[in-house]
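A.B. asks: pasting the sequence and the predicted coordinates here, then a few questions.
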There are 4 protein chains.
Amino acid sequence: MRAAAVGDLVQLVSMRDLKSFLLRIQPEERLETHNGVIQHADLLGQPFGSIVHSHLGTEFALLTPSTAEITRTLKRRSQIIFPKDLGLILLKLSIEPGQEVVEAGTGSGALTVALARAVGTNGCVHSYDVRADMQNTARHNLELIGLSQRVTLKTRDIADGFDETDVPALFLDVPNPWDYLAQTHRALRGGGFFGALLPTTNQVVLLLTGLQRHSFGMTEVVEVMLRNYKTVAARFRPSDRMVAHTGYLVFARALNLEQPPMEPAST
Amino acid sequence: MRAAAVGDLVQLVSMRDLKSFLLRIQPEERLETHNGVIQHADLLGQPFGSIVHSHLGTEFALLTPSTAEITRTLKRRSQIIFPKDLGLILLKLSIEPGQEVVEAGTGSGALTVALARAVGTNGCVHSYDVRADMQNTARHNLELIGLSQRVTLKTRDIADGFDETDVPALFLDVPNPWDYLAQTHRALRGGGFFGALLPTTNQVVLLLTGLQRHSFGMTEVVEVMLRNYKTVAARFRPSDRMVAHTGYLVFARALNLEQPPMEPAST
Amino acid sequence: MRAAAVGDLVQLVSMRDLKSFLLRIQPEERLETHNGVIQHADLLGQPFGSIVHSHLGTEFALLTPSTAEITRTLKRRSQIIFPKDLGLILLKLSIEPGQEVVEAGTGSGALTVALARAVGTNGCVHSYDVRADMQNTARHNLELIGLSQRVTLKTRDIADGFDETDVPALFLDVPNPWDYLAQTHRALRGGGFFGALLPTTNQVVLLLTGLQRHSFGMTEVVEVMLRNYKTVAARFRPSDRMVAHTGYLVFARALNLEQPPMEPAST
Amino acid sequence: MRAAAVGDLVQLVSMRDLKSFLLRIQPEERLETHNGVIQHADLLGQPFGSIVHSHLGTEFALLTPSTAEITRTLKRRSQIIFPKDLGLILLKLSIEPGQEVVEAGTGSGALTVALARAVGTNGCVHSYDVRADMQNTARHNLELIGLSQRVTLKTRDIADGFDETDVPALFLDVPNPWDYLAQTHRALRGGGFFGALLPTTNQVVLLLTGLQRHSFGMTEVVEVMLRNYKTVAARFRPSDRMVAHTGYLVFARALNLEQPPMEPAST
């Protein structure tokens, strides 16, 4: 039976209101919540999955955080990519243990974390961002989670190109991905996976046009709509409100074409 | 630059109608399509991402298949879990390289494949199914893809329990998961991740009741709705029809509770 | 050109933040908003569609309110039925000018208003509610809008049955519609239209069972999901959040069956 | 109790597979279905809501068709507007008994029918279409349903303007509504309701730009997603597939502005 130890990254979830807290156990520290205080030291030796109590007696579940929970609770300086999109991105980019993958921009690091967990200890994520302040936030997050060794943060304008070549997968979370498609195609291996997330339809239209000009193919555009349900068995129903939109996900493959394929003839 | 070699698992996609074919290259074999015939031998040495031609001159892109594509093209004896759901399942169960995870039933093996790719060469998937014929289909699929070493198929009734203990994640894709929650809780480590997929609301209601009785917590029920768009830049719009429902995804954590927590007071 | 006159029901919409106000013009009164004060007297003679100004100079559009706007701005004591659902209800119940239709409960009167507008001056809505306080709120709303002559409010328990017979359409917005299906069937004409709105799946399951027992047929259950878009042409995209659920709409026809039809054989 | 008579417009729905047929009762005629033949004469005197039998013994429910059913079963030469959209259009345009409203193009007449039913015997629909063949189909449909007296079909290019002025509501179901906004504004009364349906985002962007230039305000863009459920109580769940997209609905009000309002500053 696994028990919490010094240095563990743990999640505490209030059984009262399901509020969630992420922390790395340091013997001298304490977590202050609106449901009372928990001394880190009191967690030591407690088995995961068990219930601990705040000084007010509120019950908290002691857990290891999921990738989804980690990304949700990141310190953020910008809109993060949501778990509903992260799952599909990893699957469509076909991320596997041991791979070396590239993303830009780093942002607050939500996708960075998801990629780093998916490539494992033998893989690597190269993450580009032109803003040093963003990358400092991401660095802070990666260190808290213990993933910094798998990630190289490059404070660089991707207009100047990527250092990497023969990359299996590359994701652009920037407002104008169509401006970097030549650089992206050079970085990707033949048939490599490209992805992007864009909030507006106007941006998608520009990216679709660009992808065709730069020898990408198998292009797909999708939206993921996630609907949460209330979990009371006697009154099973969807939640009242939901996230209606984060962005359009665009996926494509880097092809070696002498001339780009014709646009499909009709809608 | 990577080129196709004997034994490679490759995907050929018609540039004409985007129909996709999965094959493992064998020098003597040939692929017959409605767009013409392609000799496997003609693929050898071709770089990935390049265009090859059928005997009718139709262009095909030569690619390595994504996890999503692989699961979509599996030989199937039953409804498979869709990529839209697979991505979120991997993320919510927090599957990582090197883990040993459990699923039941095996079905045609779509989730098995996705789990096996995510845990990598150092991980393992234990997959239970009471039906030998199902597992034979899954075995065939896993061998084609080259993932059999990472998967142990157990033709067994999970009413008799799982062999494994201290498992980080366990997924039940069976019609009556509420009947196996005691066995599931015993197999999971403290705080371990539980998931299930159920088509009807009646099933979800039964599972929610069962999870509470068997010391599971942090229960979530979600639906993933995936909306595809047509990719013509000048006429950007959603596809006409979509998959409206595959199933409700239920996620929970295995807790160590002397007595189960109270149901939330109201909707 | 139509101009605002004493006694008109008008809508004022701030051009600054699109906040909307409903009022009936009384020469002595004034509207106070966070964007300044507007004297009713200043509206007299202004053409509809023109811009008026508050004492702070904020622009307001002078409009006649739509049915959708009216129902949105009703004084409410309970959850109202949303425009997204109202539109489909009117269409599926096939409400026409001149009809005499029935609903229960009255609630705050949103559906009452929509039905009363649709049946016109020659039609009539009979609205039942067991709670007098609810009906007082609805009465207040109907008087403000000027629809009281088309509506008879009956403070009555529908367990005792409806006064009306040969009714073309009857809608139940009560938590337990399955308890009143015999009464409902007696009130409806042969083939008459039945509708209900229910928040939980458990309720829908009970109603489906009841409808079959009470000689209803052609049963349909639907959800309406309405997605709003931001209207900036250069950044066209969905709103960030949306209403995920109001309720399941159930529609059926009253049949004359000696014995109820068999349930369809399979899902 | 109402019974079917010569000249009635009736709907017959097979109790076996819920296939639906619309017909106007003519004593000499017969309906041929894959579930057998029904003589119109055999329907005479049968009460609505009762069960009739084909010569093969299949049960059919005898009903009056709803507006939604009528529009679904129209003879069509073009994509019709779906009930999910029709309901919201009527509500947002605030159509009421006795009104005189305008639409273009006529198409197969689905919206024409819905508008004509909503305005009643004292109202009128003016429907423009440049194509005579389309209007002949619509005329045929309107005559079958018995609504021709409420509709004037004008075979005319709306670039030349509308005959009507002071119109309370006007709907454009044409591919390029932005080209007719000056004409539309002239036809509408001050504050009048404008609506349009457009399949692509590119079209919506053009219309949004046009509406602002032509003194429209209170602009809204929405999508209606309708989700059908299977109606088996023991296995309550959504249908497997759904219509993902028909079009974006755009609504606005005709304002009297000397200069158009500023675009909102940010998304």
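C.D. replies: All right, it came through fine.
A.B. asks: what is the mean pLDDT for stretch A:37-52?
C.D. replies: Here stretch A:37-52 scores 96 as its mean pLDDT.
A.B. asks: just stretch A:148-161 next, same as before
C.D. replies: 97.
A.B. asks: got the end-to-end distance for it?
C.D. replies: 23 Å (Cα to Cα, to the nearest Å).
A.B. asks: and for it, what's in contact with it?
C.D. replies: Contact partners of stretch A:148-161, identified using Cβ atoms under 8 Å, 6 or more residues apart in numbering or on different chains, comprise A:104, A:106, A:112, A:116, A:119-121, A:123-132, A:135, A:138-139, A:142, A:163, A:174, A:179-180, A:183, A:186-187. Just so you know, the C-beta spots here come from the backbone N, C-alpha and C atoms, and that holds for glycine as well.
A.B. asks: among those residues, which ones are buried?
C.D. replies: By neighbour count, with 16 or more other Cβ atoms under 10 Å in any protein chain shown, those hold A:104, A:106, A:112, A:116, A:119-121, A:123-130, A:135, A:138-139, A:142, A:174, A:180, A:183, A:187 as buried.
A.B. asks: out of the residues you listed, which sit inside strands?
C.D. replies: Among the buried ones among the contacts of stretch A:148-161, the ones falling in strands (DSSP state E) are A:Ala104, A:Cys124, A:Val125, A:His126, A:Ser127, A:Tyr128, A:Asp129.
A.B. asks: hmm, which two among the residues you listed are most spread apart?
C.D. replies: A:Cys124 and A:Asp129 (16.5 Å; Cβ to Cβ).
A.B. asks: once you drop chain neighbours, what's closest to A:Gly98?
C.D. replies: A:Asn122 (4.4 Å; Cβ to Cβ, 6 or more residues apart in numbering or on different chains).
A.B. asks: what parts of the stretch 51-200 of chain A come near chain B?
C.D. replies: A:51, A:59, A:61-68, A:83-84, A:86-94, A:96-98, A:114, A:117-123, A:166, A:189-193 (Cβ under 8 Å from any Cβ of the partner chain).
A.B. asks: for chain D, give me its nearest residue in the stretch 1-150 of chain A.
C.D. replies: A:Gln79 (12.1 Å; Cβ to the nearest Cβ).
A.B. asks: what's the closest non-adjacent residue to A:Val37?
C.D. replies: Nearest one to A:Val37, counting by Cβ to Cβ, 6+ apart, is A:His55 at 4.9 Å.
A.B. asks: report how many residues lie close to that neighbour.
C.D. replies: 13 (other Cβ atoms under 10 Å in any protein chain shown).
A.B. asks: compute the distance between it and A:His140, please.
C.D. replies: 28 Å (Cβ to Cβ, to the nearest Å).
A.B. asks: for A:Ser50, same thing?
C.D. replies: 30 Å.
A.B. asks: quick one, which of the two is more surrounded?
C.D. replies: Each of A:Ser50 and A:His140 has its neighbours counted (other Cβ under 10 Å); A:Ser50 has more, 20 against 15.
A.B. asks: for the closest residue to the more buried one other than its chain neighbours, give me the pLDDT.
C.D. replies: Nearest residue to A:Ser50, sequence neighbours excluded (Cβ to Cβ, 6+ apart): B:Asn256, at 4.4 Å. If you check B:Asn256, the pLDDT there is 93.
A.B. asks: likewise for the one 10 residues further on?
C.D. replies: pLDDT recorded at B:Ser266 is 46.
A.B. asks: can you map out the helices along the stretch 51-200 of chain A?
C.D. replies: Under the criterion DSSP state H, counting those that start in this stretch, the stretch 51-200 of chain A carries helices at the ranges A:67-72, A:83-92, A:110-119, A:132-145, A:181-187.
A.B. asks: elements contacting the longest one?
C.D. replies: Think helix A:132-145. helix A:110-119, strand A:124-129, strand A:151-155 (3 or more Cβ pairs under 8 Å, 6 or more residues apart in numbering or on different chains; DSSP states H and E).
A.B. asks: now the last one and helix A:110-119, what's the angle there?
C.D. replies: Just to be clear, that refers to strand A:151-155. Per axes from the mean of the first three to the mean of the last three Cα atoms, to 10 degrees, the angle that strand A:151-155 makes with helix A:110-119 is 150 degrees.
A.B. asks: wait, A:Ala244 sits on C:Met242?
C.D. replies: Yes - using Cβ atoms under 8 Å, A:Ala244 makes contact with C:Met242 at a distance of 3.5 Å.
A.B. asks: neighbour count: those two, which is higher?
C.D. replies: Just comparing A:Ala244 and C:Met242: by other Cβ under 10 Å the higher neighbour count belongs to A:Ala244, 20 against 17.
A.B. asks: contacts only, for the more buried one.
C.D. replies: A:Ala244 touches A:Met225, C:Arg227, C:Asn228, C:Pro238, C:Ser239, C:Asp240, C:Arg241, C:Met242, counting by Cβ under 8 Å, 6+ apart.
A.B. asks: now do the same for it: its pLDDT.
C.D. replies: So, for A:Ala244, pLDDT stands at 95.
A.B. asks: same check, this time on A:Cys124
C.D. replies: 98.
A.B. asks: repeat for A:Met262
C.D. replies: 51.
A.B. asks: and if you look at A:Gln259?
C.D. replies: Reading off the model, A:Gln259 has pLDDT 56.
A.B. asks: ok, the closest residue to A:Ser215 other than its chain neighbours - how many residues close by?
C.D. replies: Ranked by Cβ to Cβ, 6+ apart and with sequence neighbours excluded, the top spatial neighbour of A:Ser215 is A:Leu257, at 4.4 Å. Close neighbours of A:Leu257, defined as other Cβ under 10 Å, add up to 18.
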